[in-house]
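[1] After the sequence you'll find the predicted model.
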Amino acid sequence: QVQLVESGGGLVQAGGSLRLSCAASGRTFRTDTMGWFRQAPGKEREFVAAFNWRSVSTFYADFVKGRFTISGFNAKNTAYLQMNSLKPEDTALYYCAATDRVLSNSAMRYSNSYNYWGQGTQVTVSS
């Protein structure tokens, strides 16, 4: 089992930055991919970014490219999401996810590809 705990959310003005962290514990040595998803009120959960330890590669949703950066450190124990140039439409509950399955690049974008989830951290961007 892998346990995930997110932190770093908060209230920020448009144009500002936040850095989310996801701390993993448990059987992290089997983690293949960690990802970030978000869900705004009344909307479906959507993919934001993913980091794959096997290939050391990153993947982003089109709406965050150039603004958000995902990274992973410390032998698969921690993942970060650096969010810059935040917009009011980025307001959502942000979830960290992880999987020990080997995913294709396309599969990393789907929430059902991940079998471990955190509780979420709220990000609110004011205009």
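    Alright, I've got the coordinates. Numbers count the residues shown, from 1 in each chain.
[2] Give the pairing partners of the helix or strand of the chain with the lowest mean pLDDT; include direction for each.
    The helix or strand of the chain with the lowest confidence, counting by mean pLDDT, DSSP states H and E, is strand 68-73 at a mean of 88. Using DSSP bridges, strand 68-73 pairs in its sheet with strand 78-83 (antiparallel).
[3] Just the residues contacting the least confident helix or strand of the chain, thanks.
    34-36, 48-51, 53, 58, 60, 78-84 (C-beta atoms under 8 Å, 6 or more residues apart in numbering). Yep, even glycine has a C-beta here, placed from its N, CA and C like the rest.
[4] Mark which of these are buried, thanks.
    Among these, those scoring as buried are 34-36, 48-51, 60, 78-81, 83 (criterion: 16 or more other C-beta atoms under 10 Å).
[5] show me the contacts for the residue nearest the centre of the chain.
    For the chain, the residue sitting closest to the mean C-alpha position, by C-alpha atoms, centre = their mean, is residue 36 at 1.8 Å. Neighbour list for residue 36: 20, 22, 48-50, 70, 79, 81, 94-97 [criterion: C-beta under 8 Å, 6+ apart].
[6] No more questions from me, cheers.
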